[in-house]
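S.K.: dropping the sequence and predicted coords here.
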Amino acid sequence: MTIVIPSRLWEYAIAAFLIILAPGPSVLFTIARAIAWGRATALLTVLGNVLGMYLMSIFVCFGLGPILSRSHIIFNLVQWGGGIYLIYLGVSAIKDSPRDAEGMRQIVDAKPSSLATIRQGFMVGALNPKGLVFFAAIVPQFVDRDKGSITMQMLIMATVFAAIALLSDGSWGLLAGTVREWFASDVKRLIRMRTTGGAVMILLGIFTIAQSLWKK
């Protein structure tokens, strides 16, 4: 397979950073682990999470790439569907933020082993709806159709996404593990963080739909 670098890779990296930075299921899971069991557990959680997300992205690339290369209609439908779902996820995050934040403070299970931590993080990453929507709807709009090799372009962007996620989520885990008592002492801090993440997802969803309309 020919290696083709997307021409808008830097723009994509910025969009990826924004969606990764917005606290979704993966970040909340990592922070909850950091608050409960410290930095080492948080970092192992991030490792498993990124591996799960990366595997999911590979399946999306090979399944969706060939289809998108052949159909402009499906390409636009994927963008619209993804944008609408991102808005839905953002609204849900804001609405459910009090419940999610309180749940993060109430982990009482025994500390899992390193292997179990990685496995659990893997499952959260592989089943993360935010990641699935991003790879299926956001990534295609940064593909350069004229260059061809759409699947390869998507794989490169998936790798960039995984690298950013490893650094960003790892930073969240280290921060939460270091100031775990500060995070856990006031549920309002966690609610504000979750609400901000929801707002970012809504804005990214609107941007995705707007981009689809603009290209027409």
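M.R.: Sure thing, it's come through. A quick note: this is a predicted structure, and the numbers were derived from the prediction, not measured. Numbering: from 1, shown residues only.

S.K.: how much space separates residue 30 from residue 49?
M.R.: Distance, residue 30 to residue 49, by Cβ to Cβ, to the nearest Å: 7 Å. C-beta here means a position set from N, CA and C on the backbone, and glycine is covered the same way.

S.K.: same thing with residue 169?
M.R.: According to Cβ to Cβ, residue 169 and residue 49 sit 6 Å apart.

S.K.: now for residue 30 and residue 49: what residues contact both?
M.R.: Contact criterion Cβ atoms under 8 Å, 6 or more residues apart in numbering; residues shared by residue 30 and residue 49: 121, 169.

S.K.: thinking again about what came up before, which neighbours do residue 169 and residue 49 have in common?
M.R.: In contact with both residue 169 and residue 49: 26, 30, using Cβ under 8 Å, 6+ apart.

S.K.: hey, which helix or strand in the chain has the poorest pLDDT?
M.R.: The weakest-scoring helix or strand in the chain, judged by mean pLDDT, DSSP states H and E, is helix 180-185 (a mean of 64).

S.K.: helices of this structure, residue ranges please.
M.R.: 9-21, 25-37, 39-70, 72-104, 114-126, 129-133, 150-178, 180-185, 187-215 (DSSP state H).

S.K.: hmm, residue 9 and residue 156 touching each other?
M.R.: Yes: counting by Cβ atoms under 8 Å, residue 9 is a contact partner of residue 156 at 7.5 Å.

S.K.: so between these two, which is more surrounded?
M.R.: The neighbour count for residue 156 versus residue 9, taken as other Cβ atoms under 10 Å, is higher for residue 156 (18 against 14).

S.K.: so what's the more buried one up against?
M.R.: Counted by Cβ under 8 Å, 6+ apart, residue 156 has contacts 3, 4, 5, 6, 9.

S.K.: gap between the last one and residue 15?
M.R.: When Cβ to Cβ is applied, the distance between residue 9 and residue 15 equals 11 Å.

S.K.: find residues that contact each of those two.
M.R.: residue 142.

S.K.: count of neighbours near the residue nearest to residue 134 when sequence neighbours are not counted?
M.R.: Nearest residue to residue 134, sequence neighbours excluded (Cβ to Cβ, 6 or more residues apart in numbering): residue 19, at 5.4 Å. Residues near residue 19, counting by other Cβ under 10 Å, number 21.

S.K.: contact partners for the closest residue to residue 12 other than its chain neighbours?
M.R.: Nearest residue to residue 12, sequence neighbours excluded (Cβ to Cβ, 6+ apart): residue 142, at 4.1 Å. Listed by Cβ under 8 Å, 6+ apart, the contact set of residue 142 reads 6, 8, 9, 11, 12, 15, 157.
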